[in-house]
Structures are given as C-alpha cells and as structure tokens.
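> Quick one: sequence and predicted model below, then my questions.
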Amino acid sequence: MKTSQKILPYLLGVVLCQAAGIFGSFFTISEIPTWYAALNQPTWQPPSWLFGPVWTFLYICMGIAGARIWMKTKSGDMLRRIFIGQLFLNALWTPVFFFAHNVVGALVIIVALDICVGILTWKLRSVDRTATILLLPYLAWILFATALNTAILILNP
C-alpha cells in the first residue's frame, strides 16, 4: 500500500473534525467580545485565546481516532455511529450556546456529548488502544467545558 493511501484516512478524519470546529467558529467570533464577554464568568475561566489552540489540537486527535475507528470497524458499526453522533453534538453546541444564547440548551447538549464520548472511549478501549488514548484529552476538555457551561448558567440566571 502506498504511503498516500495510508495517510488519506487520517487526513480525511482530521479535515472532517476541523470542519466541525470551523463551523462553530462562525458562531463564536462575533459573540466572544460582545455577549460572552458580558456574562458573569467563573474565576477559573481560561482566557479566550486558549480555546482556539486547544480545540485545534483536540480536533486533530479526534480526526486520527475517527480514522482508526473507520479502519478497524465495519459499516454500520456502533462505534462509527457514536463517533458521528458525538461530532454532531460537538458542532451543535456552539451555535446553541453562542448564537442562540441558550445556556440551558447548550448544557443539555454538552451533557449528551459527555455521555457519547464517555461511551465511545469505554467501548473503544478493547478495539483500539491508540484511538482511546487520543480521545482522553477530548473527554477531559468537554467535561471541563460542561463544568464551565454549568458555572455560567449559575452565575447568569
């Protein structure tokens, strides 16, 4: 197999996941200095500039993990469906939170995302250890984001 054929699934996986992030950025750019900046934030809120680099890294890890899932499973496999479902929830959270300013709706979505990624990571561990490890930083970050979403809800009744 040619090197380009080996790299293509990984490249496609990363592009797909980065596209989800780019989609979300359309909803955040104008809202961060306006609506989001006006919210009461928890003291442990990271600086806004940190989110872009963190998500770029996480989408790369997700894309590689997704490619590995695709290569190790068959069409219709539960792991494939969960991966696509979590990517959909990931992309959905941003417009609900930033565009619709629906902090409660976003919390519901991110809790569902936590559950999907938790199940995916748990089920994947016996199929592909590398993909599992690649998803752990993502799981940790979205759990942190869930706490942040919850804190913003509490601080902005």
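Yes, it's here. Residues are numbered from 1 along each chain as shown.
> Could you use CA atoms for every contact and neighbour count after this?
Fine.
> what about the most centrally placed residue in the chain, which helix or strand?
Nearest to the mean C-alpha position of the chain, by CA atoms, centre = their mean, lies residue 90 at 4.6 Å. Secondary structure assigned from DSSP states H and E places residue 90 in helix 78-94.
> Only C-alpha atoms, please: export that helix in CSV.
Below are the C-alpha coordinates for helix 78-94, written out as CSV (Å, rounded to 0.1, in the frame of the first residue of the first chain):
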residue,chain,number,x,y,z
MET,A,78,-21.9,1.1,16.8
LEU,A,79,-18.5,2.8,17.3
ARG,A,80,-18.9,4.6,13.9
ARG,A,81,-22.4,5.7,14.8
ILE,A,82,-21.3,7.0,18.2
PHE,A,83,-18.4,8.8,16.7
ILE,A,84,-20.6,10.6,14.1
GLY,A,85,-23.2,11.3,16.8
GLN,A,86,-20.7,12.9,19.1
LEU,A,87,-19.3,15.0,16.3
PHE,A,88,-22.8,16.2,15.5
LEU,A,89,-23.4,17.1,19.2
ASN,A,90,-20.0,18.9,19.3
ALA,A,91,-20.9,21.0,16.3
LEU,A,92,-24.4,21.7,17.6
TRP,A,93,-23.3,23.0,21.0
THR,A,94,-21.6,26.1,19.6
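> and after that helix, which helix or strand comes next?
Next along from helix 78-94, by DSSP H and E: helix 103-124.
> Let's see that following helix as CSV, backbone CA atoms only.
Taking C-alpha atoms only, helix 103-124 is exported to CSV below (Å, rounded to 0.1, in the frame of the first residue of the first chain):
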residue,chain,number,x,y,z
VAL,A,103,-27.1,28.3,28.0
VAL,A,104,-29.6,25.7,29.3
GLY,A,105,-30.0,24.1,25.8
ALA,A,106,-26.2,24.1,25.4
LEU,A,107,-25.8,22.4,28.8
VAL,A,108,-28.2,19.6,27.7
ILE,A,109,-26.3,19.1,24.5
ILE,A,110,-22.9,19.0,26.2
VAL,A,111,-24.1,16.5,28.8
ALA,A,112,-25.3,14.3,25.9
LEU,A,113,-21.8,14.9,24.3
ASP,A,114,-20.1,13.8,27.6
ILE,A,115,-22.1,10.6,27.6
CYS,A,116,-21.4,9.8,24.0
VAL,A,117,-17.7,10.4,24.2
GLY,A,118,-17.6,8.5,27.5
ILE,A,119,-19.3,5.5,26.0
LEU,A,120,-17.2,5.8,22.8
THR,A,121,-14.0,5.9,24.8
TRP,A,122,-15.1,3.0,27.0
LYS,A,123,-16.2,0.7,24.2
LEU,A,124,-13.2,1.6,22.0
